[in-house]
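Peer 1: I'll drop the sequence and a predicted model, then ask my questions.
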Amino acid sequence: MAATSTMGRADERTGTALKPTEKTAVFLLGLCALLNIYSTQPLLTELAATFRVPVDRAAWTISATTLGVAVVAPFAGSASDYLGRKRVMLVAIGASAVATAACAAAWNFEALLALRFLQGMLIPFVFAVAVAHIAEEHTGATAVAANALYVSGTAFGGFCGRFLSGAATARYGWRASFVVLAVVLLVVLATTAAWLAPDRRFRRARSPLAGVRGIGGHLRNPRLLGTCVIGAAILFLQVGSFTFAGLHLQAPPFGLTTVQIGAVFAVFLVAVVVTPLAGTLINRLGRLGTFVLASAVSLAGLGLTLVPTTWTVIAGLAASCTGVFCGQSCATGYAAESGGTARSGAVGLYLTSYYLGGSLGAVAPAPLFAAAGWSACAGLLAAVIGISVAVAFAVWRKGVRE
């Protein structure tokens with residue numbers, strides 16, 4: 001802990017401590033990373049009705065985006081290794097705004113899926129690069145705090161994407177939801193351009209493929225691979241719980257409307273407040289201890305969702321969500337550190353598994369939900385939590401303290 005504090009003070013002496021404006025930029029980068037991915041969760045019934053597809057097929061509007069992330073993630077960091085971190089993120093945010101606005105003009109379900117896939121392909125150029133940028137520019141306690149702030153931003157982005165989509169859809173129709181999110185991305189673009197510090201410690205790779213070549217070494221790193229499994233489990237839990245608990249809340253005896261479902265995602269605001277504290281816990285308890293505690297909170301939250309009242313389900317989702325984002329702080333920080341000089345490739349590999357887990361989380365529980373309802377889904381998600389904890393014990397037992 002003393003060493004951590006020393007490193008944190010060293011960061012401040014060398015001028016790498018986060019300024020208030022840079023903190024805002026890091027937080028908004030996190031918001032941008034999750035703004036689009038789950039924005040269709042409160043719209044599934046409307047999309048199913050518009051395009052005349054089953055609700056479980058409408059859930060592919062989530063999986064298409066996460067699959068896009070998974071496909072591109074290993075290569076996004078390599079592009080930034082050659083072109084520079086900030087430049088790549090700015091281009092990606094601008095392109096994401098265009099792709100998001102284009103979703104509003106989707107003429108059939110297949111076109112919407114294609115555009116959602118395109119949105120996903122652009123996200124790693126923000127997510128993976130931002131995590132690599134933080135690990136590159138900061139060390140010790142400063143890096144932990146910056147990473148926790150970034151993950152807190154992703155929690156806020158998860159809330160904004162869902163809430164704004166639900167509210168815009170209820171008033172103007174689902175197409176308006178994509179226009180609103182495109183405007184948010186333009187605001188993030190302007191703020192990031194103005195306030196995110198330039199790449200101070202960036203060292204350009206010799207070729208655009210240099211980072212890709214490092215992936216082979218990452219595939220021989222058992223701790224990183226275990227962290228990838230943990231990441232997949234984390235997003236499986238998050239996507240599965242909010243997708244199917246949302247459908248659960250729209251059905252009797254709850255009967256929540258689309259805008260009310262969008263408001264349920266305000267529980268992400270709890271994670272926005274709590275997640276920055278994960279940095280302190282990691283410094284005190286280590287990654288493994290913090291992750292076990294976070295997983296216990298998520299498991300307790302799932303149990304609470306089984307009580308058949310609206311408020312207990314919402315409270316349970318809040319607890320589950322908070323545990324997920326605290327666990328995410330543990331995993332993303334380790335993925336970035338474990339990559340050494342090829343950290344962007346390590347983060348990309350982590351994101352691929354992370355979003356593959358999310359893709360499965362949007363569709364794998366569907367048969368259980370159709371056959372036995374939310375309680376069966378909750379049982380599956382609890383099992384996934386158990387698996388992630390077991391893997392964490394295997395790969396983080398000699399864990400790294402910051």
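Peer 2: Perfect, thanks for sending it. Numbers count the residues shown, from 1 in each chain.

Peer 1: where does the stretch 201-350 of the chain dip in pLDDT?
Peer 2: For the stretch 201-350 of the chain, applying pLDDT under 70 flags the ranges 202, 204-218, 262, 336, 338-344.

Peer 1: Quick check: the nearest residue to L29 once chain neighbours are set aside vs E137, distance?
Peer 2: Spatial nearest neighbour of L29, chain neighbours left out: A130 (4.5 Å); criterion: Cβ to Cβ, 6 or more residues apart in numbering. All C-beta spots, glycine's among them, are computed from the backbone N, C-alpha and C. Applying Cβ to Cβ, to the nearest Å, the value for A130 to E137 is 11 Å.

Peer 1: Of these two, which one has the most company?
Peer 2: Relative neighbour count places A130 above the other of A130 and E137, with 32 against 21, counting by other Cβ atoms under 10 Å.

Peer 1: so what's the more buried one up against?
Peer 2: When the contact criterion is Cβ atoms under 8 Å, 6 or more residues apart in numbering, the partners of A130 are 26, 29-30, 33, 85, 89, 150.

Peer 1: Can you spell out which helices and strands pack onto the helix or strand where V395 lies?
Peer 2: For V395, the host element (DSSP states H and E) is helix 374-396. Under the contact criterion of 3 or more Cβ pairs under 8 Å, 6 or more residues apart in numbering; DSSP states H and E, helix 374-396 touches helix 222-250, helix 276-305, helix 366-372.

Peer 1: tell me the mean pLDDT for the last one?
Peer 2: Along helix 366-372, the predicted local confidence has a mean pLDDT of 91.

Peer 1: Same check on stretch 142-153?
Peer 2: 81.

Peer 1: what are the C-alpha coordinates of stretch 159-179, in PDB please?
Peer 2: C-alpha atoms of stretch 159-179 as PDB (Å, rounded to 0.1, in the frame of the first residue of the first chain):
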ATOM      1  CA  PHE A 159     -27.800   3.900 -18.200                       C
ATOM      2  CA  CYS A 160     -28.000   6.700 -20.700                       C
ATOM      3  CA  GLY A 161     -28.200   4.400 -23.700                       C
ATOM      4  CA  ARG A 162     -31.100   2.500 -22.300                       C
ATOM      5  CA  PHE A 163     -32.900   5.400 -20.600                       C
ATOM      6  CA  LEU A 164     -32.700   7.900 -23.500                       C
ATOM      7  CA  SER A 165     -33.800   5.200 -25.900                       C
ATOM      8  CA  GLY A 166     -36.800   4.300 -23.900                       C
ATOM      9  CA  ALA A 167     -37.800   7.900 -23.300                       C
ATOM     10  CA  ALA A 168     -37.400   8.900 -26.900                       C
ATOM     11  CA  THR A 169     -39.200   5.900 -28.200                       C
ATOM     12  CA  ALA A 170     -42.200   6.400 -25.800                       C
ATOM     13  CA  ARG A 171     -42.600  10.000 -27.200                       C
ATOM     14  CA  TYR A 172     -41.400   9.900 -30.800                       C
ATOM     15  CA  GLY A 173     -41.000   6.300 -31.800                       C
ATOM     16  CA  TRP A 174     -37.900   4.000 -31.800                       C
ATOM     17  CA  ARG A 175     -36.200   5.700 -34.700                       C
ATOM     18  CA  ALA A 176     -35.900   8.900 -32.700                       C
ATOM     19  CA  SER A 177     -33.900   7.000 -30.100                       C
ATOM     20  CA  PHE A 178     -30.900   6.600 -32.500                       C
ATOM     21  CA  VAL A 179     -31.000  10.300 -33.400                       C
END
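
Peer 1: Now do it: distance to the chain's middle.
Peer 2: Relative to its parent chain, stretch 159-179 has a centroid offset of 20 Å by Cα atoms, centre = their mean, to the nearest Å.

Peer 1: same question, stretch 372-383
Peer 2: When C-alpha coordinates are averaged (Cα atoms, centre = their mean), stretch 372-383 and its chain have centres 22 Å apart.

Peer 1: what sits against L256?
Peer 2: Neighbouring residues of L256 by Cβ under 8 Å, 6+ apart: 249-250, 264, 310.

Peer 1: just to revisit the earlier point, quick check: the farthest pair among the contacts of A130?
Peer 2: The distance between the two most remote of those (Cβ to Cβ) is 14.9 Å, for G30 and R85.

Peer 1: quick one, strands of the stretch 101-250 of the chain?
Peer 2: The residue ranges that make up strands in the stretch 101-250 of the chain, judged by DSSP state E, counting those that start in this stretch, are empty, as it has none.

Peer 1: hmm, back to that, return the member of the contacts of A130 nearest to L381.
Peer 2: Nearest to L381 among the contacts of A130 is A33, at 22.7 Å by Cβ to Cβ.

Peer 1: What separation do you get for that closest one and S388?
Peer 2: Noted for A33: a distance of 21 Å to S388, by Cβ to Cβ.

Peer 1: in the lengthiest helix in the chain, what's buried?
Peer 2: The helix that spans the most residues within the chain, counting by DSSP state H, is helix 140-172. Of all the residues in helix 140-172, those buried under the rule 16 or more other Cβ atoms under 10 Å are 140-170.

Peer 1: Who are the packing partners of it?
Peer 2: If you count contacts as 3+ Cβ pairs under 8 Å, 6+ apart, helix 140-172 packs onto helix 2-13, helix 20-35, helix 124-137, helix 174-195, helix 258-264, helix 268-274, helix 276-305, helix 310-338.
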